[in-house]
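S.K.: kindly return the folded structure for what I paste below:
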Amino acid sequence: MIRTKLLIATALLAPIITAACSDVTSPKTGAPVDYSPAAIIATQSASAVTVVATINGGGTALMQVPAGLLAGTTSFGGYITLYSDGTAKGELHCVDQHGSTLPGNVWGQVTSWSMDVNGVVSLTISDGRLLAFPGGHPQNIGTFIVRIQSFGGKGVGHWTLDIPDGFGGWLTVCDELLTSGQINIRWE
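M.R.: The predicted structure is shown next:
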């Protein structure tokens, strides 16, 4: 039993000791390298992309005028995973219902995310699509950003949809306040 544990310990420590010894005897050409197990684990962890949070939700919202350009009722839904390197994966749908200023389905794959100092989470959709009602074919509308102002349910959950303004900035076209459902975030 003791012999087995000694063999396992030797197998685990041999590469670290060899590297440390070769570092001591080799010519110095730069900053010393830390071969401690803690440093090796930290280096491996630092390079790994991890899940930061997941956002999910769905329901209905009322577009707030005059904050946004469009008015009406929206159904929405999405499930998005946020990663430590600023990338994101998931899909977001926003359906402006009949009677709205511009009825149709806007959707796309979320490719990146950021969070500002006020806690607003911005989700970038780089290949957005639009299917206008009463029908037709989906059109590529390019990049748009959904900014989640606050997470929560009816009367609390709040988000905006921004499009490029043509001058290097962003124009809010939809300003949505939830009337049912919820938008949730779960931090890892």
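
S.K.: the residue nearest the centre of the chain sits in which helix or strand?
M.R.: Taking CA atoms, centre = their mean as the criterion, L82 is the residue nearest the geometric centre of the chain, at 3.1 Å. Element membership for L82 (DSSP states H and E) is strand 73-83.

S.K.: mind listing what that strand pairs with, with the direction of each?
M.R.: Here strand 73-83 is paired, per DSSP bridges, with strand 51-63 (antiparallel), strand 88-96 (antiparallel).

S.K.: next SSE downstream of the shortest one?
M.R.: Next in sequence after strand 88-96, counting helices and strands by DSSP H and E, comes strand 104-115.

S.K.: just how off-centre is that following strand within its chain?
M.R.: On the basis of CA atoms, centre = their mean, to the nearest Å, strand 104-115 sits 9 Å off its chain's mean C-alpha point.

S.K.: can you give me the helices in this protein?
M.R.: Secondary structure of the chain (DSSP state H): helices at 2-25, 37-47.

S.K.: where does this protein dip in pLDDT?
M.R.: For the chain, the stretches with pLDDT under 70 are 1-46.

S.K.: repeat that for 80
M.R.: Scanning the chain for pLDDT under 80 picks out the ranges 1-47, 66-69, 98-103, 135-136.

S.K.: could you dump the lengthiest strand in it to PDB, C-alpha only?
M.R.: Counting residues, the longest strand found in the chain (DSSP state E) is strand 170-187. As requested, the backbone C-alpha atoms of strand 170-187 are provided in PDB (Å, rounded to 0.1, in the frame of the first residue of the first chain):
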ATOM      1  CA  TRP A 170     -26.500  52.900 -32.100                       C
ATOM      2  CA  LEU A 171     -30.200  53.800 -32.300                       C
ATOM      3  CA  THR A 172     -32.800  52.300 -30.000                       C
ATOM      4  CA  VAL A 173     -35.700  51.200 -32.000                       C
ATOM      5  CA  CYS A 174     -37.500  49.000 -29.400                       C
ATOM      6  CA  ASP A 175     -37.700  49.800 -25.700                       C
ATOM      7  CA  GLU A 176     -39.500  46.900 -24.000                       C
ATOM      8  CA  LEU A 177     -41.100  46.500 -20.600                       C
ATOM      9  CA  LEU A 178     -42.300  43.000 -19.700                       C
ATOM     10  CA  THR A 179     -46.100  42.500 -19.300                       C
ATOM     11  CA  SER A 180     -45.800  38.700 -18.700                       C
ATOM     12  CA  GLY A 181     -43.000  36.100 -18.300                       C
ATOM     13  CA  GLN A 182     -39.500  36.900 -17.200                       C
ATOM     14  CA  ILE A 183     -35.900  37.400 -18.100                       C
ATOM     15  CA  ASN A 184     -33.500  35.500 -15.800                       C
ATOM     16  CA  ILE A 185     -29.700  35.500 -15.400                       C
ATOM     17  CA  ARG A 186     -27.800  32.800 -13.500                       C
ATOM     18  CA  TRP A 187     -24.200  33.600 -12.700                       C
END
